[in-house]
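> Sequence first, predicted coordinates after that:
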Amino acid sequence: MEKKTDLRVLRTKKLIKEAFLSLIDKKGFESITIQDIADLAFINRATFYLHYQDKYDLLDQICDSYILELISTIKNPFHLIDDGIDIKQIQITLLNVFENIEKNIDFYKIMMGPNGNADFANKVESFLFEKFTANFITVVGDLNKLEISADFLLKYLCSAYIGVIRWWVLKDNRHSTQYMAEHLTQIVTKGPLSMIGPRIE
């Protein structure tokens, strides 16, 4: 009996989630009411409140689940081999990231689209920053030897990643995940100016 109850709860949450994301896509988060969600999910308001406090709680739970799944694909953002950077492993990590996003592309298109929620991208960036910071000192060692602050550098990297991901998600003819991983690895490891062509003096 308990299993059937669990399945009913999962089904109800799935209906609520699908209705909620559809409404965000159509009218934007701020315009959505609990009644809108209940009507589209074919449930009553009381059923909604059995599972979520309000639409903000629903948004947080949905976004957190996707973000945690995404972050779990990043085992180590800075791969070391013989005291150097293992570029191949960086590319593999980036491929895992883009494949995870592609798997959940409908969600990302909604959340990063014109009616999406700006806080979502900010939240992803914050999680990336925490993940990168945790591993950064292992690579660099003495942070005082850097020419710029570690926070500055990590903020630049995280912001760049989010910008590229948003551009790719919303692009009509998206490049393959392999293409994105290969070229973003080159930009990260060689620097953007090296991709332009002229010699830098």
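Received it, and whenever you're ready, just let me know what you need. Bear in mind that the values here come from a model prediction, so they are computed numbers and not experimental data.
> ok, residue 153 - contacts?
By CB atoms under 8 Å, 6 or more residues apart in numbering, the contact set of residue 153 is residue 146. C-beta here means a position set from N, CA and C on the backbone, and glycine is covered the same way.
> So which elements touch the lengthiest helix in the chain?
Using DSSP state H, we find that the single longest helix of the chain is helix 2-27. Helices and strands touching helix 2-27, by 3 or more CB pairs under 8 Å, 6 or more residues apart in numbering; DSSP states H and E, are helix 34-41, helix 45-51, helix 55-71, helix 105-112.
> quick one: which of those helices is nearest residue 92?
Of all these, it is helix 55-71 that lies closest to residue 92, at 15.5 Å by CB to CB.
> Name the residues that touch the closest one?
Applying CB under 8 Å, 6+ apart, the contact partners of helix 55-71 are 16-17, 20-21, 29, 32-34, 37, 52, 97, 100-101, 104, 107-108, 111, 117, 120, 123-124, 127-128, 131.
> List the buried residues for that helix?
The neighbour-count check on helix 55-71 (16 or more other CB atoms under 10 Å) flags 55, 58, 59, 62, 63, 66, 67, 70 as buried.
> how is the chain carved up into domains?
Domain segmentation of the chain under automatic domain parsing yields 2-52, 62-195.
> weakest of the ones you listed in terms of mean pLDDT?
Here the domains of the chain differ in mean pLDDT, and the lowest is domain 62-195 at a mean of 86.
> How far away from the center of its chain is it?
On the basis of CA atoms, centre = their mean, to the nearest Å, domain 62-195 sits 9 Å off its chain's mean C-alpha point.
> Next, the distance between the ends of it.
37 Å (CA to CA, to the nearest Å).
> Going by distance to residue 163, which of the buried residues of helix 55-71 wins?
Residue 163 lies nearest to residue 70 out of the buried residues of helix 55-71, by CB to CB, at 15.9 Å.
> Would you quantify the distance from the closest one to residue 131?
Distance, residue 70 to residue 131, using CB to CB, to the nearest Å: 10 Å.
> next one: residue 194
26 Å.
> Who has more neighbours out of the two?
Ranked by neighbour count (other CB atoms under 10 Å), residue 194 and residue 131 place residue 131 first, with 17 against 13.
> Can you verify the more buried one is assigned to a helix?
Yes - under DSSP: H, G, I helix; E, B strand; the rest coil, residue 131 falls within a helix.
> Hmm, it is touching residue 74, no?
Yes - at 5.8 Å, residue 131 and residue 74 qualify as touching, with contact defined as CB atoms under 8 Å.
> The nearest residue to residue 75 once chain neighbours are set aside: neighbour count?
Excluding the flanking residues, the one nearest residue 75 by CB to CB, 6 or more residues apart in numbering is residue 93, at 6.8 Å. Applying other CB under 10 Å, we find 19 residues neighbouring residue 93.
> was I right about residue 93 contacting residue 86?
No - if you go by CB under 8 Å, residue 93 and residue 86 don't touch, sitting 9.9 Å apart.
> Now do the helix or strand containing residue 185: which elements does it pack against?
In this assignment (DSSP states H and E), residue 185 forms part of helix 177-190. Judged by 3+ CB pairs under 8 Å, 6+ apart, helix 177-190 is in contact with helix 87-103, helix 150-170.
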